[in-house]
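Novice: Sharing a model that was predicted from the sequence below.
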Amino acid sequence: MFLQLDPVFGKNYKEGQVYFVYSTKEPYSKGISFFTYNKEERNNIVGTPTHCGICIGENTGIAALDDGVIFEDLGKIFQDKNKRIFFREPILFDEETRNLILTYCKYLLGIEYDWKLAAGIGICNTTLVRTLLSPVKIKKLLQKFNSEDKLICSEFVMYVMYHAEVTTDNDFLRTPREVFEHRMFKEWKKNL
């Protein structure tokens with residue numbers, strides 16, 4: 001069950017939360033969506049998140065996009081009828097953690113986008129590669145595509161969360177969906 005809400009900064013989305021975007025060609029929704037989700041209810045996810053970033057203020061996020069790690073206008077996502085946006089809050093989330101998250105986000109501004117890694121993820125997600133290689137071998141293959149001084153969106157989020165001590169997981173090579181399903185986040189609430 002999905003609940004669509006008008007975005008209200010400080011109420012249903014906040015600084016330091018991670019946002020995930022799902023895009024579709026069909027007019028689907030706009031604004032913020034919350035839904036019932038836990039590990040046993042994975043089928044409640046409609047589609048796969050294709051992008052993620054970190055909210056740093058009202059209508060503003062920081063994410064790794066085509067132009068690198070830059071500010072992102074969340075207002076455009078809220079108004080896009082072909083996109084759905086979800087916000088998740090880390091389990092370990094207090095004022096100090098929020099400040100660390102915001103500091104690391106701003107510190108990474110200007111880092112280039114890792115096109116090589118993005119291409120590698122595309123290749124590794126093909127049916128042929130997933131049929132021929134185990135998940136462990138796919139992860140090793142992805143390591144060969146990774147550029148040390150560049151980031152993709154999910155890698156950016158994992159890097160920030162690790163350095164803000166939200167997680168001890170230092171495996172930053174993850175897809176947006178893998179970040180979405182990460183154990184560092186609070187479970188979705190049944191009643192909002």
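Specialist: Sure, I can see it.
Novice: And the longest helix along the chain, what's buried?
Specialist: Taking DSSP state H as the criterion, the chain has its longest helix at helix 95-107. For helix 95-107, a neighbour-count test (16 or more other Cβ atoms under 10 Å) marks Thr97, Arg98, Leu100, Ile101, Leu102, Tyr104, Cys105 as buried. All C-beta atoms are positioned from the backbone trio N, CA, C, and that covers glycine.
Novice: Which other helices and strands does it contact?
Specialist: strand 51-57, helix 153-163 (3 or more Cβ pairs under 8 Å, 6 or more residues apart in numbering; DSSP states H and E).
Novice: how far out from the middle of the chain is it?
Specialist: Centroid separation between helix 95-107 and its chain, computed with Cα atoms, centre = their mean, to the nearest Å, is 16 Å.
Novice: ok and it relative to helix 153-163, angle-wise?
Specialist: With axes from the mean of the first three to the mean of the last three Cα atoms, to 10 degrees defining the directions, helix 95-107 sits at 140 degrees from helix 153-163.
Novice: Tell me the helix or strand right after helix 95-107.
Specialist: strand 112-113 (DSSP states H and E).
Novice: Pull up the pairing partners for that next one, direction included.
Specialist: Using DSSP bridges, the strands paired with strand 112-113 are strand 150-151 (parallel).
Novice: Which residues are in contact with the closest residue to Trp115 other than its chain neighbours?
Specialist: Leaving aside its sequence neighbours, Trp115 sits nearest to Lys150 (Cβ to Cβ, 6 or more residues apart in numbering; 7.8 Å). Contact analysis of Lys150 by Cβ atoms under 8 Å, 6 or more residues apart in numbering lists Ile111, Glu112, Tyr113, Asp114, Trp115, Lys116, Leu117.
Novice: try Cys52
Specialist: Val18, Tyr19, Phe20, Val21, Ala63, Cys153, Ser154, Val157, Pro176, Val179, Phe180.
Novice: Among the residues you listed, which ones are in helices?
Specialist: Using DSSP H, these in helices are Cys153, Ser154, Val157, Pro176, Val179, Phe180.
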